[in-house]
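K.L.:
sharing a sequence plus its predicted fold:
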Amino acid sequence: MSQQPTISIESDVVRIFDTTLRDGEQSPGATLHTHEKIEIAKQLARLNVDVIEAGFPAASPGDLEAVAAIARTVGTPDGPIIAGLARANRDDISKAWEAVRHAAKPRIHTFIATSDIHLQYKLRMTREEVVATTREMVAFAKQFCDDVEFSPEDAGRSDPRFLYEVLAAAVEAGATTLNIPDTVGYTVPEEFGALIAGIIENTPGLKPKVERGEVIISVHTHNDLGLAVANALAGVKAGARQVECTINGIGERAGNCSLEEVVMALYVRRDYFNLRTNIVTQEIYRTSDMVSRYTGIVVQPNKAIVGANAFAHEAGIHQDGMLKHKRTYEIMDAATVGVPESRLVLGKHSGRHAFRVRLEQLGFHLNKEQLNEAFRRFKELADKKKYVTDADIMALVGDQLYQPKETWQLVRVQVLAGNSNIPTATVTLRDEEGREQTATAIGTGPVDACYRAIREIVRVPNNLLEYSVQSVTEGIDAVGDVTVRIRGGEGSERVNPQTGSRSSVYIGRGVDTDIIVASAKAYVQALNKLLAAQSDAQAEVVIKAEETTA
Ligand SMILES: CC(=O)SCCNC(=O)CCNC(=O)[C@H](O)C(C)(C)COP(=O)(O)OP(=O)(O)OC[C@H]1O[C@@H](n2cnc3c(N)ncnc32)[C@H](O)[C@@H]1OP(=O)(O)O
Ligand SMILES: CC(C)C(=O)C(=O)O
């Protein structure tokens, strides 16, 4: 099984054959319109893939036209090879040629299965018939096109000795690329590598042709066991010089070998593979994003290379390492794949170093005590909130540095709610001189009614931007923690003493076992901040006016 490759191939280039528009489009629900396929093909050309498999022209007239359109627009002399897939029959091959012939560099890719299970149940053919069909159909394709690729489908589960026979027939008939598919993602890397090495070594007459680059061995792996990329790399190590892959690894079932992963593995581990690709790696992220948007297939956040978290660091120890030297936790630069920069995500696992750096980026330069207090409050918030945003941090530190006086205090709140009442709230607030005011309001729910009643008393223009409630403790007697964010009207801007930046957004928090009470406290707190900022602003105007008169 562990047959070691003894091959010495002249070229150190691994060709990238992108099949996003053919095998990728076979992902359930990924159907693309022709104009989207053309856009993706153009982007693949910018990415500098060597081959675009643009579709399966015999599948439908629309598919044929889409492949032809790509051949015409993207298949320029400097552009990639444009391939069309065809079963091993005359009709499919003729249609493939009809579509790809418009390209400067066309390729017909024909295939037939070689595993016993496919022969017996699907094709209902004998091995002899498969060999004869291969010879005949590769020769038929060769009449149209010099560049013919042949694939023994389900090679991963085929008898290797039979594969050698079929592949020899394909080469004799003129195939210049032999693509070895692990169609159902069944093999494991050592085994697949050995399969490739065995093919090169044992297919009659093949090895010298592969060494001179007259015949290219290609690999096409599927991800049913999550091994598609590992298998493709094992194939490359054994002598393959073309990898068939898709953007974001989309494709039938669990998908195909992911282009970005295999390309970056070859790039980052040049020391191990001693090979290169022609890919413009800086275009990777843009391509991934386009394919995701057009197919509607979302990229999982932890996906290697292109996932949202691929260059994000949350743990404090990692963030500290990153700040001291990027290579401590990153094996490649985000910019290499077109991601603007790596991110330090602030959350409950973050440490002081990263927190301080983010504060400085936001314009806050705190002394040690202030930083410790801000960090304590940040951790408290991170325990409750999944993501702590920059806005949260600004509000949190802003609040810490700026403690307004309490213009209004909540005295009482009483609500009538339920599914047979109009939600009604009666609220009593006390002002700085100890005078109480009461208002009653109805609303769409008890919180809305309560907020309307408060507005009746406080009467300061504001918009509620965000209302969120969380339980701080567990169980039926849980304490509710309400956070509100409001924006004040004109003249309610607060100047950040650290940065000089202005904002009219105020945050209020209220905690109580009754969430209506917690909601009222939070809103009153936010309004108090707004009122304090307004009176500060007025004082500023008066002082400026006095200075001018003086
Ligand atoms: C592993 C892969 O990804 S292979 C590529 C898969 N892609 C596609 O299937 C493309 C979309 N397919 C289609 O639109 C349709 O299946 C078509 C137009 C290609 C064919 O449709 P139909 O003629 O209705 O046939 P259907 O798909 O039901 O069955 C496939 C037939 O092709 C035969 N066949 C399958 N593979 C091959 C092959 N490589 N060479 C020759 N014949 C083949 C099957 O044995 C079956 O033949 P049968 O009708 O004599 O039993
Ligand atoms: C047609 C071949 C290359 C294929 O897609 C597969 O076997 O998975």
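P.N.:
Ah, there it is. Residues are numbered from 1 along each chain as shown. Ligands and ions are numbered 1, 2, ... in the order given.
K.L.:
so who does residue 173 touch?
P.N.:
Neighbouring residues of residue 173 by CB atoms under 8 Å, 6 or more residues apart in numbering: 134, 135, 136, 138, 139, 142. (Each C-beta comes from the backbone N, C-alpha and C, glycine too.)
K.L.:
I'd say the fifth one and residue 174 touch.
P.N.:
Yes. Contact status for residue 139 versus residue 174: in contact at 6.3 Å, counting by CB atoms under 8 Å.
K.L.:
quick revisit: let's have the contacts of residue 173 in TSV, adding secondary structure, pLDDT and distance to ligand 1.
P.N.:
Formatted as TSV, those follow (DSSP: H, G, I helix; E, B strand; the rest coil; pLDDT from 0 to 100; distance: CB to the nearest ligand atom, whole Å):
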residue	secondary structure	pLDDT	distance to ligand 1
134	helix	98	10
135	helix	98	13
136	helix	98	11
138	helix	98	12
139	helix	98	15
142	helix	98	17
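K.L.:
now tabulate the residues you listed in CSV and tack on distance to residue 341 and neighbour count.
P.N.:
Output for these, formatted as CSV (distance: CB to CB, whole Å; neighbours: other CB atoms under 10 Å):
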residue, distance to residue 341, neighbour count
134, 51, 26
135, 54, 19
136, 55, 15
138, 49, 25
139, 54, 16
142, 50, 17
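K.L.:
hang on, residue 156 in a helix?
P.N.:
Yes. The assignment for residue 156 by DSSP: H, G, I helix; E, B strand; the rest coil puts it in a helix.
K.L.:
need the contact list for it.
P.N.:
Residue 156 touches 180, 181, 182, 183, 184, 185, 186, 187, 192, 195, counting by CB under 8 Å, 6+ apart.
K.L.:
what is the nearest of the contacts of residue 173 to ligand 2?
P.N.:
residue 134 (13.4 Å; CB to the nearest ligand atom).
K.L.:
just to check, that closest one is in contact with residue 87?
P.N.:
No. Using CB under 8 Å, residue 134 is not in contact with residue 87, being 11.8 Å away.
K.L.:
need the overlap of contacts for the two.
P.N.:
residue 112.
K.L.:
now do residue 186 against residue 165, distance only.
P.N.:
Per CB to CB, to the nearest Å, residue 186 is found 21 Å from residue 165.
K.L.:
may I ask which helix or strand encompasses whichever residue of the stretch 1-150 of the chain sits closest to ligand 2?
P.N.:
Distance from ligand 2 to each residue of the stretch 1-150 of the chain (CB to the nearest ligand atom) is smallest for residue 111, at 4.2 Å. Following DSSP states H and E, one finds residue 111 within strand 106-113.
K.L.:
just checking: what are the partner strands of that strand?
P.N.:
Applying DSSP bridges, strand 106-113 is found paired with strand 81-87 (parallel), strand 148-153 (parallel).
K.L.:
where's it relative to the chain centroid, distance-wise?
P.N.:
32 Å (CA atoms, centre = their mean, to the nearest Å).
K.L.:
next, see if that strand gets close to ligand 1.
P.N.:
Yes. Against ligand 1, strand 106-113 shows contacts by CB under 6 Å from any ligand atom at 111, 112.
K.L.:
one more: stretch 158-177?
P.N.:
No. Using CB under 6 Å from any ligand atom, stretch 158-177 stays clear of ligand 1, coming no nearer than 12.0 Å.
K.L.:
and that stretch, which residues are buried?
P.N.:
Buried residues in stretch 158-177, defined by neighbour count with 16 or more other CB atoms under 10 Å: 158, 162-171, 173-177.
K.L.:
pLDDT weak spots in the chain?
P.N.:
1-6, 395, 398-399, 401-404, 471-479, 494-502, 536-550 (pLDDT under 70).
K.L.:
can I get the strands paired with strand 106-113 in TSV with mean neighbour count and distance to ligand 2?
P.N.:
Listed next are those as TSV, based on neighbours: other CB atoms under 10 Å; distance: least, CB to the nearest ligand atom, whole Å:
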stretch	mean neighbour count	distance to ligand 2
strand 81-87	27	6
strand 148-153	26	4
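K.L.:
in which helix or strand would I find the closest residue to residue 165 other than its chain neighbours?
P.N.:
Spatial nearest neighbour of residue 165, excluding adjacent residues (CB to CB, 6 or more residues apart in numbering): residue 131 at 5.9 Å. For residue 131, the enclosing helix or strand under DSSP H and E is helix 127-144.
K.L.:
I am finished for the moment; much appreciated.
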